[in-house]
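> Sharing a model that was predicted from the sequence below.
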Amino acid sequence: MEITGDDLKLMNIFASVAGVMPTDIAKVGTSYVFLVEKFSLGKAIGKKGANIQKLRQRLKTNVMIAPDDEDLESFVRGYFNNIRVLDFEVREAPGQKAVFLTVADTDRGLAIGKEGLRIKAMKDFLKRKFGAEIHLKTKRTDF
């Protein structure tokens, strides 16, 4: 992971507001996704999302906070924690690793996020942390 001067400034702003130092950051368009240790997630978000609101006001943009993990599957499942993950599969070939994530068709919009924020940040994180790509598939569910 390569951190630029701007990333470091943003991480310090995050730490001053949330009281937790993020482990990584991704910029998607004008929005930011911060990763924090999973045991610090509640503190980073704050009561009723107070820290997220403060960060949005301070940075004047959309902000998302997600849990970090060293295990690939735990990382992906934690990142998409409010989405029904129907299937998770990792395929590996020499020099390539791909994650195939199947979600309910009703959760597709959540998985992608507004203006693609969620999936684009995930692609960035997976490439840097695990050298992997993600492919999102949907499956029709009747429940």
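Thanks, I have it.
> just the strands in this structure please.
24-28, 31-37, 63-68, 85-93, 96-104, 133-139 (DSSP state E).
> how big is the angle separating the fourth one from strand 96-104?
In this structure, strand 85-93 runs at an angle of 170 degrees to strand 96-104, with axes from the mean of the first three to the mean of the last three Cα atoms, to 10 degrees as the basis.
> If you count neighbours, what's buried in strand 85-93?
By neighbour count on 16 or more other Cβ atoms under 10 Å, the buried set for strand 85-93 is residue 85. For every residue, glycine as well, the C-beta is placed using N, CA and C.
> which helices and strands does it pack with?
helix 72-79, strand 96-104, strand 133-139 (3 or more Cβ pairs under 8 Å, 6 or more residues apart in numbering; DSSP states H and E).
> Extract the C-alpha trace of it and format it as CSV.
The C-alpha coordinates for strand 85-93 follow below in CSV (Å, rounded to 0.1, in the frame of the first residue of the first chain):
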residue,chain,number,x,y,z
VAL,A,85,-24.1,-12.8,0.4
LEU,A,86,-25.5,-15.9,-1.3
ASP,A,87,-22.2,-17.4,-2.5
PHE,A,88,-18.5,-16.6,-2.1
GLU,A,89,-15.9,-18.2,-4.4
VAL,A,90,-12.2,-17.6,-5.0
ARG,A,91,-10.6,-18.8,-8.2
GLU,A,92,-6.9,-18.8,-8.7
ALA,A,93,-4.8,-19.1,-11.8
